[in-house]
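Asks: this is the structure alone, sequence omitted:
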């Protein structure tokens, strides 16, 4: 059995198969960034908080809410030459570690606490999702609003004021760091607010019941690369759309072929498409990759590069948090890229 330490490695040491990635550690990442956001008001902490919530925290629980992961790898393969200590299939009960199941359920239940903040200047919208808010500003003035959106699958967000103080205050809307070209309308008209990725856009004015704020956050699929000092992901990309990180599973792959034979063109066009996974409605991405049929590896360390020409194959990428919900399979987040 190969034991993996619960410890930090050196800078840029981020192994995909064997990183511990404990669910509770991901939750700790959320909590730390939440507190830093409260102290600083810097949107970069909300970016990290949101990425962790939608991906490495949510992956710790199955879509039906009944099974749990202790570790959350970025790749899994049955070809690994050793048995890892912790299951890479979600389990009903995690022996020797009772913290992750209740902690992930508690965190999901309290997500509403992170949606909004108040300060002396006004109301801050940290996260997006359909909800109704009833709160008070720091001066005690009541504010009520309704947020309507299909985020994170769609970047259209609509806020409607139901109650507001007579005195002007600021509404701060987070523009995620991944978002280019955001637009903002107030009562159907453009505003002078600066919409810079990774900041909060401020709209200061007297508000009244019925005022509408419409924020549009474009979210095309993006290919993301890591610092080349991360050895395991050099010349590879991860796929992200909005705050959601995607992965490949052999469930969506040609029978008998290995994920290791796949390359994703840097110019790949990946389009959103809804898919049902374990009765959950998720937004997947579809496109084309290139696949080199690879012979099975034995115990040898090296071999001559195969001469077969790669063939174009259809791809389906699913949200990382949804992996492992259709039975046991190989999985990877980082994909070799051809430029």
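Replies: Structure's in. What do you need? Just so we're clear, the structure is a prediction, and the values are computed from it rather than from any experiment.
Asks: residue 279 contacts residue 63, correct?
Replies: Yes. Here residue 279 lies in contact with residue 63, judged by Cβ atoms under 8 Å, at a distance of 7.5 Å. For glycine as for every other residue, the C-beta is placed from the backbone atoms N, C-alpha and C.
Asks: the more surrounded of these two?
Replies: residue 63 (18 against 8; other Cβ atoms under 10 Å).
Asks: and the more buried one, which of the three is it?
Replies: Three-state call for residue 63 (DSSP: H, G, I helix; E, B strand; the rest coil): coil.
Asks: for residue 25, same thing?
Replies: State at residue 25, reduced to three classes by three-state DSSP: helix.
Asks: which residue packs closest to it, ignoring adjacent ones?
Replies: Of all residues not flanking residue 25 in the chain, residue 6 sits nearest, at 7.9 Å (Cβ to Cβ, 6 or more residues apart in numbering).
Asks: ok, the one you found touching residue 19?
Replies: No. With contacts counted by Cβ under 8 Å, residue 6 stays clear of residue 19, the gap being 10.8 Å.
Asks: how is this structure divided into domains?
Replies: Domain segmentation of the chain under automatic domain parsing yields 23-111, 115-216, 221-338.
Asks: so which of those gets nearest residue 12?
Replies: Relative to residue 12, the nearest member of these by Cβ to Cβ is domain 221-338, separated by 4.1 Å.
Asks: ok, residue 35 - how many residues close by?
Replies: 12.
Asks: any regions of the protein where pLDDT drops low?
Replies: Scanning the chain for pLDDT under 70 picks out 1-5, 96-97, 295.
Asks: mind listing the helices in it by residue range?
Replies: 23-40, 43-51, 100-109 (DSSP state H).
Asks: could I get these as JSON lines with distance to residue 132?
Replies: Listed next are the helices of the chain as JSON lines, based on distance: least, Cβ to Cβ, whole Å:
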{"stretch": "helix 23-40", "distance to residue 132": "22"}
{"stretch": "helix 43-51", "distance to residue 132": "20"}
{"stretch": "helix 100-109", "distance to residue 132": "17"}
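Asks: re earlier: now the domains of the chain as JSON lines including distance to residue 10?
Replies: Shown next, in JSON lines, are those (distance: least, Cβ to Cβ, whole Å):
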{"stretch": "domain 23-111", "distance to residue 10": "17"}
{"stretch": "domain 115-216", "distance to residue 10": "26"}
{"stretch": "domain 221-338", "distance to residue 10": "10"}
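Asks: nearest to residue 15, out of those?
Replies: Closest of these to residue 15 is domain 221-338, at 5.7 Å (criterion: Cβ to Cβ).
Asks: how far off centre is the closest one?
Replies: The chain centre lies 16 Å from the centre of domain 221-338; the measure is Cα atoms, centre = their mean, to the nearest Å.
Asks: gap between the two ends of that domain?
Replies: 17 Å (Cα to Cα, to the nearest Å).
Asks: coming back round to it: which one's more surrounded, residue 6 and residue 19?
Replies: Neighbours per residue (other Cβ under 10 Å) separate residue 6 from residue 19, with residue 19 holding more: 17 against 11.
Asks: next, count neighbours for the nearest residue to the more buried one once chain neighbours are set aside.
Replies: In space, and not counting its chain neighbours, residue 19 is closest to residue 73: 6.5 Å by Cβ to Cβ, 6+ apart. By the criterion of other Cβ under 10 Å, residue 73 has 23 neighbours.
Asks: kindly report the same for residue 44.
Replies: For residue 44, using other Cβ under 10 Å, the count is 14.
Asks: let's have the chain start at 57 instead
Replies: With the count now opening at 57, the last piece we talked about shows up as residue 100.
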